[in-house]
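Peer 1: below is the sequence, then the predicted model.
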Amino acid sequence: MTKTFVVETCTFHGVTRRRRWHLVHTGATRADCRAYIKKTVTDLYAHWCPERATDLFRVRYVRPGK
């Protein structure tokens, strides 16, 4: 069994600005996913505060299927 981690990013919807999460990257380790987030924040969100930009992402462990 191999571990799989996914990186998700959020978009805001509606009047209440409800978050919807979208899969953007799959990695074998949590460190790989954190590196992806760091690179993305550096490339795409350079004009934002880094702490605020990293709040747009989350890393989750996904259990392997049967």
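Peer 2: Received it, and whenever you're ready, just let me know what you need. Numbers count the residues shown, from 1 in each chain.

Peer 1: alpha carbons of stretch 22-40, as CSV, please.
Peer 2: Extracted in CSV, the C-alpha atoms of stretch 22-40 (Å, rounded to 0.1, in the frame of the first residue of the first chain):
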residue,chain,number,x,y,z
HIS,A,22,-10.6,21.6,-5.7
LEU,A,23,-7.8,19.0,-6.2
VAL,A,24,-4.7,20.6,-7.8
HIS,A,25,-1.8,18.2,-7.0
THR,A,26,-1.2,14.6,-5.9
GLY,A,27,2.0,13.6,-4.1
ALA,A,28,3.6,10.7,-2.3
THR,A,29,4.6,12.6,0.8
ARG,A,30,3.4,15.5,2.8
ALA,A,31,6.8,17.2,2.2
ASP,A,32,6.3,16.9,-1.6
CYS,A,33,2.9,18.6,-1.2
ARG,A,34,4.3,21.4,0.9
ALA,A,35,7.0,22.0,-1.7
TYR,A,36,4.3,22.3,-4.4
ILE,A,37,2.4,24.8,-2.2
LYS,A,38,5.5,26.8,-1.6
LYS,A,39,6.4,27.0,-5.3
THR,A,40,2.9,27.9,-6.3
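
Peer 1: distance between that stretch and the chain's centre?
Peer 2: Distance of stretch 22-40 from its chain centroid, counting by Cα atoms, centre = their mean, to the nearest Å, is 6 Å.

Peer 1: also stretch 57-66?
Peer 2: Centroid displacement of stretch 57-66 relative to its chain, using Cα atoms, centre = their mean, is 12 Å.

Peer 1: what does that stretch rub up against?
Peer 2: Contact with stretch 57-66 is made by 1-10, 21, 24, 30, 33-34, 37, 40-41, as judged by Cβ atoms under 8 Å, 6 or more residues apart in numbering. (Glycine included, C-beta is placed from N, CA and C.)
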